[in-house]
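Undergrad: Got a sequence here, can you build the structure:
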Amino acid sequence: MGECCSAFCKGIAICCKYTYNGVVYTKDKIKDCCSCWWYPLKERCCACCDCCDRYYNPYKDESYSTI
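TA: Take a look at the predicted model:
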C-alpha cells in the first residue's frame, strides 16, 4: 500500500511540475512576442497623444503664437 501511495504522489508531483513549466514557458513566449511590438506601439500612441494635446490646447505648443 505504501509503494502505491508513494508512486501516486510522485505522479502528481511530476504532473504539477510539468504544468508549472508549461505555464512559465507560455508566459515567457507571450512576453517575448509582446516585447517585439510594444515599443513602436507605445511611441505611436505617445506621438498621437502629444499631437491631440497640442491641437486641443494650442497654448502648450511652443510654435503657437497669438501675435
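Undergrad: Now name the helix or strand holding residue 54.
TA: In this structure, residue 54 is located in helix 2-56 according to DSSP states H and E.
Undergrad: Give me the distance from that helix to the chain's centre.
TA: In terms of Cα atoms, centre = their mean, to the nearest Å, the centre of helix 2-56 is found 7 Å from the chain centre.
Undergrad: and the gap between residue 58 and residue 33?
TA: 40 Å (Cβ to Cβ, to the nearest Å). No exception for glycine: its C-beta is placed from N, CA and C like everyone else's.
Undergrad: shaky segments in the chain?
TA: In the predicted model, the chain carries pLDDT under 70 at residues 1, 61, 64-67.
Undergrad: Dump the C-alpha coordinates for stretch 38-52 into CSV.
TA: Extracted C-alpha coordinates of stretch 38-52, given in CSV (Å, rounded to 0.1, in the frame of the first residue of the first chain):
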residue,chain,number,x,y,z
TRP,A,38,5.2,47.1,-27.6
TYR,A,39,7.8,49.9,-28.1
PRO,A,40,6.7,51.0,-31.6
LEU,A,41,3.1,51.0,-30.5
LYS,A,42,3.9,53.0,-27.3
GLU,A,43,5.8,55.5,-29.4
ARG,A,44,2.9,56.0,-31.8
CYS,A,45,0.4,56.3,-29.0
CYS,A,46,2.6,59.0,-27.3
ALA,A,47,3.0,60.9,-30.5
CYS,A,48,-0.7,60.8,-31.2
CYS,A,49,-1.5,62.0,-27.6
ASP,A,50,1.0,64.8,-28.0
CYS,A,51,-0.5,65.8,-31.3
CYS,A,52,-4.0,65.8,-29.9
